[in-house]
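J.: Sequence first, then the predicted structure:
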2 protein chains.
Amino acid sequence: MAENKIPYKIYLEEDEMPKAWYNVRADMKNKPAPLLNPGTHQPMTAEELGGVFCADLVAQELDNDNAYIEIPQEIRDFYKMYRPSPLVRAYCLEEKLQTPAKIYYKFEGNNTSGSHKLNSAIAQAYYAKKQGLKGVTTETGAGQWGTALSMACSYLGLDCKVYMVKVSYEQKPFRREVMRVYGASVTPSPSMETEIGKKINAEHPGTTGSLGCAISEAVEAAVKNPGYRYVLGSVLNQVLLHQSVIGLETKAALDKYGIKPDMIIGCAGGGSNLGGLISPFMGEILRGEADYDIVAVEPASCPSFTRGKFAYDFCDTGMVCPLAKMYTLGSDFIPSANHAGGLRYHGMSPVLSQLYDDGLMRAVSVEQTKVFEAAEQFARVEGILPAPESSHAIRVAIDEALKCKETGEEKTIVFGLTGTGYFDMVAYEKFHDGKMDDYIPTDEELAKYAAKLPKID
Amino acid sequence: MAENKIPYKIYLEEDEMPKAWYNVRADMKNKPAPLLNPGTHQPMTAEELGGVFCADLVAQELDNDNAYIEIPQEIRDFYKMYRPSPLVRAYCLEEKLQTPAKIYYKFEGNNTSGSHKLNSAIAQAYYAKKQGLKGVTTETGAGQWGTALSMACSYLGLDCKVYMVKVSYEQKPFRREVMRVYGASVTPSPSMETEIGKKINAEHPGTTGSLGCAISEAVEAAVKNPGYRYVLGSVLNQVLLHQSVIGLETKAALDKYGIKPDMIIGCAGGGSNLGGLISPFMGEILRGEADYDIVAVEPASCPSFTRGKFAYDFCDTGMVCPLAKMYTLGSDFIPSANHAGGLRYHGMSPVLSQLYDDGLMRAVSVEQTKVFEAAEQFARVEGILPAPESSHAIRVAIDEALKCKETGEEKTIVFGLTGTGYFDMVAYEKFHDGKMDDYIPTDEELAKYAAKLPKID
């Protein structure tokens, strides 16, 4: 490992940072299916969406045509505070694995929110501010999105109300505390503040909440409070658009050194990181300019791509949100309590769902003990303590690098390292103490939820 | 804040990274006083020190002559994994404060140990490995040093035994868990594993431990176990030498853009960060090439510079370590239980103590509620959640920038942001809930400890 032509970390210069987001939908032949009104089952209009989301974001959500959307200067300035993120050559991991593969990872954890979520949080907060709103509401599970949004709102002087899944609120007091540093109000969900919260509490006394339920509460709070709109950290088209900054930077960094990847790997919960990371590469595939092996990695305990249905479904438990056509396990599905970390959403980004259905990418599921093994192995040589979510991608990257060791192939593997695991030490402790196990839902269980999918003509 | 000539973050290229550490002692007219044998009160010989520290580190500890000491290639490779650290222009903070001052900070928190401690940990672990040792022992308080050393040892395949101050062990289970990810064994101190631990437990039943006591245990464990040596994360000359990489990078980054700082500010506990950050600038002062206002910031609850004595003292509670001449509050001094975070060591680096005594730098003390106010203000605009220790420097940087606002001076202020506060949310919570108060030791209290300083002829 003496002197290498390619540095350990590739940083772009400020003037090499993206000036526009890339909208992969513009290059898709089969566009993602539109969101439907949950009452009429007709495509949601801009006006209908405008009651929930702020106007510029509605336009972005519905825009299937423009390939590039300019990043406003204010957002670019904010990006400069914590971006560009490094594209790291994993020399130390390669040496440890003794693999001929060349491994790169795009590390999005070097900001206080600890993850890539900030890329969309600042954009959504910016447009809310621009529209003259007072504040925004949202939900958070593991807490990364809530932290990112708090940080963005604090920067812009917007009010921020976060509904945090009750079990996380109680088990992750430090996450809650970080949001308070940024001045957000954090309410455990289901709460008694909203109608839907009261209803869920009445029907399921003692429930520890779910992401779907927290979404319903946040939407209700936005709709009922003048001057507020709802924002969401994943799944939506607009979020993937903002997150394209990850992929654009990755591609620029690779191009700078003439590197062409063979594989691109990302973890997938709602799809925000994966969708952002792969977007410019997928664009090349869609335009017939290049080919890449694109891999989504999801938890075996919440396998929406690999075992879900491609169908219209509710985005939330309370069924107040529009319907989305996506790979889904059913809006009532909640992963087993022994599942650690995020990636627990029942559905998947409609954009990624369409691309997957069209055979343009593949998906694998991994069990969490294997994920934590990879996390620890990575931490010990690369010096970054990865989030459990990100470690799904690490697991598959390591597996692929080990395959290369067997075959002698010198594949170039790029994966997304979405964030750090500082707030996930309880899960690491369970892993170390041998108390972590792998629960995979049975076919019968999944069939039960799938049977409840809404019937859309 | 449109387009600025100086980027938000200045990164050096790999080939601009320091190839040698800078040893400020070589330029000091008044050298730091030698360590003394606690029995004979004679200067410690290399042979005596060799029983505790490994050979190359003893040589570095005693070297007052060589200005530059080459960084071995293996350490430089490891540095490339997480360095260069960014020198950040705090544009957002400047705007928030509406100050004409130009504020820069060197951010050392972008690695899993979460602080600058890794710079010396990898060096000390490397020399131990080179000497063919089995492992190293150390103490840790807040946990940053223990984490850093665990990470370095895991990388090199060395055994790592950490004595963690009992109160931190219990209050910071996640810190302990991170060390376990890196394969270290962590023992709460005082333990029943060492003679000194047993003695302290017997004399002070129910004690929650102290740094001085954990040092004694770690030294005993190193001396009694063949193939082990003791390593320390601060205070020592060798540590300041390794940490000079912070200052050298800072200076190179400033020089790259032709920036000349007026002030350099760092927090000071044992002095590792401050000593490293200021070293090349202090070298210029000592050689008469430039002048800078250099400021050490310490907690009002542990004010070794501002209210301590410059005298020989024990480095540890058990009095097994050599005596060091330093600014000290007395080796029995323990800051009030309401003091949050690190910077709780009773003494101060002999190098910095000498420079301070020679009037080449100044020191201020700050109260912790003011420190947390600054931390929160900084987090909200700069997007980094600072460690309580680092926030001492932030407090003074903000105060100085506000003075510039009054006077209209366009001072260039550089401060060291040593690390992140992810594991300090209990302290942030106390601050938010108004449960944090400021305890400043009385003159009588300090006099009581000072009276117990050893009498050295």
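T.: Happy to help now that I have it.
J.: in chain A, what secondary structure element scores lowest on mean pLDDT?
T.: helix A:166-171 (a mean of 87; mean pLDDT, DSSP states H and E).
J.: From the contact counts, what lies against that one?
T.: Counting contacts by 3 or more Cβ pairs under 8 Å, 6 or more residues apart in numbering or on different chains; DSSP states H and E, helix A:166-171 is packed against strand A:185-189. For glycine as for every other residue, the C-beta is placed from the backbone atoms N, C-alpha and C.
J.: Might one say that A:Phe310 is in contact with A:Asp358?
T.: No - A:Phe310 is beyond contact range of A:Asp358, at 10.6 Å (criterion: Cβ atoms under 8 Å).
J.: In terms of neighbours, single out the busier of the two.
T.: Between A:Phe310 and A:Asp358, counting by other Cβ atoms under 10 Å in any protein chain shown, A:Phe310 is the more crowded of the two (18 against 12).
J.: Just grab the bridge partners of that one for me.
T.: Counting by DSSP bridges, A:Phe310 forms beta bridges with A:Tyr327.
J.: Ok, the one 4 residues further on next?
T.: Applying DSSP bridges to A:Phe314 yields these beta-bridge partners: A:Leu323.
J.: Quickly note the distance from it to B:Thr137.
T.: Distance of A:Phe314 to B:Thr137, given as Cβ to Cβ, to the nearest Å: 57 Å.
J.: picking up where we left off before, so what does the helix or strand following the least confident helix or strand of chain A touch, helix or strand wise?
T.: Sequence-wise, the next helix or strand downstream of helix A:166-171 (DSSP states H and E) is helix A:173-181. Applying 3+ Cβ pairs under 8 Å, 6+ apart, one finds that helix A:173-181 makes contact with helix A:144-156, strand A:159-165, strand A:185-189, helix B:368-382, helix B:425-432.
J.: In a markdown table, list these along with mean neighbour count.
T.: Below are the helices and strands packed on helix A:173-181 laid out as a markdown table (neighbours: other Cβ atoms under 10 Å in any protein chain shown):
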| stretch | mean neighbour count |
| --- | --- |
| helix A:144-156 | 28 |
| strand A:159-165 | 25 |
| strand A:185-189 | 22 |
| helix B:368-382 | 22 |
| helix B:425-432 | 20 |
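J.: so how far is B:Val426 from whichever residue of the stretch 101-250 of chain A sits closest to chain B?
T.: Relative to chain B, the nearest point of the stretch 101-250 of chain A is A:Phe174 (3.7 Å; Cβ to the nearest Cβ). From A:Phe174 across to B:Val426, the span is 8 Å (Cβ to Cβ).
J.: same deal with A:Gln171?
T.: Taken as Cβ to Cβ, the span from A:Gln171 to B:Val426 is 15 Å.
J.: what does A:Tyr230 give?
T.: Computed as Cβ to Cβ, the A:Tyr230 to B:Val426 distance reads 32 Å.
J.: Now do the buried residues in stretch A:247-264.
T.: Of all the residues in stretch A:247-264, those buried under the rule 16 or more other Cβ atoms under 10 Å in any protein chain shown are A:247-254, A:259, A:261-264.
J.: Looking at those residues, which are in helices?
T.: Among the buried residues of stretch A:247-264, DSSP state H puts A:247-254 in helices.
J.: Excluding covalently adjacent residues, which one is nearest to A:Phe281?
T.: Excluding the flanking residues, the one nearest A:Phe281 by Cβ to Cβ, 6 or more residues apart in numbering or on different chains is A:Tyr292, at 5.1 Å.
J.: whoops, A:Lys96 was the one
T.: A:Val381 (4.7 Å).
J.: again with A:Val165
T.: A:Gly209 (4.3 Å).
J.: now A:Asp437
T.: The shortest distance from A:Asp437 to any non-neighbouring residue, by Cβ to Cβ, 6+ apart, is to A:Asn338 (5.9 Å).
J.: tally of neighbours for that neighbour?
T.: Quick note: A:Asn338 (other Cβ under 10 Å) scores 13 neighbours.
J.: who touches the residue nearest the centre of chain A in this structure?
T.: Closest residue to the average C-alpha location of chain A: A:Ser272 at 3.3 Å, with Cα atoms, centre = their mean. By Cβ atoms under 8 Å, 6 or more residues apart in numbering or on different chains, the contact set of A:Ser272 is A:116-117, A:120, A:233-235, A:239-240, A:243, A:349.
J.: Turn those into a markdown table, including neighbour count, secondary structure and pLDDT.
T.: Shown next, in a markdown table, are the contacts of A:Ser272 (neighbours: other Cβ atoms under 10 Å in any protein chain shown; DSSP: H, G, I helix; E, B strand; the rest coil; pLDDT from 0 to 100):
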| residue | neighbour count | secondary structure | pLDDT |
| --- | --- | --- | --- |
| A:His116 | 30 | coil | 97 |
| A:Lys117 | 30 | coil | 97 |
| A:Ser120 | 29 | helix | 98 |
| A:Gly233 | 26 | coil | 94 |
| A:Ser234 | 24 | coil | 94 |
| A:Val235 | 26 | coil | 94 |
| A:Val239 | 31 | helix | 98 |
| A:Leu240 | 32 | helix | 98 |
| A:Gln243 | 30 | helix | 98 |
| A:Ser349 | 28 | coil | 98 |
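J.: of these, list those near chain B.
T.: Among the contacts of A:Ser272, not one lies near chain B by Cβ under 8 Å from any Cβ of the partner chain.
J.: Report the residue spans of chain A with pLDDT below the cut-off.
T.: Along chain A, the model assigns pLDDT under 70 to residues A:1-4.
J.: again, 80 this time
T.: Across chain A, residues meeting the criterion (pLDDT under 80) sit at A:1-4, A:337, A:457.
J.: So which bits of the stretch 251-400 of chain A are right by chain B?
T.: A:376, A:379-385.
J.: Go again with 10 Å.
T.: When proximity is defined by Cβ under 10 Å from any Cβ of the partner chain, the stretch 251-400 of chain A lies next to chain B at A:372, A:375-376, A:379-386.
J.: can you pull the contacts of the residue lying closest to the residue of the stretch 101-250 of chain A closest to chain B once chain neighbours are set aside?
T.: Counting by Cβ to Cβ, 6+ apart, the nearest residue to A:Phe174 once its immediate chain neighbours are dropped is B:Met425, at 3.7 Å. Neighbouring residues of B:Met425 by Cβ atoms under 10 Å, 6 or more residues apart in numbering or on different chains: A:172-178, A:180-181, A:422-423, B:174, B:385, B:432.
J.: before we move on, the earlier item: return the closest of the ones in helices among the buried residues of stretch A:247-264 with respect to A:Thr99.
T.: A:Leu254 (19.0 Å; Cβ to Cβ).
J.: for the closest residue to that closest one other than its chain neighbours, what are its contacts?
T.: Counting by Cβ to Cβ, 6+ apart, A:Leu254 lies nearest to A:Pro261, which is 6.5 Å off, once chain neighbours are set aside. A:Pro261 is in contact with A:102, A:104, A:250-251, A:254, A:281, A:290, A:292-294, A:411-415, counting by Cβ under 10 Å, 6+ apart.
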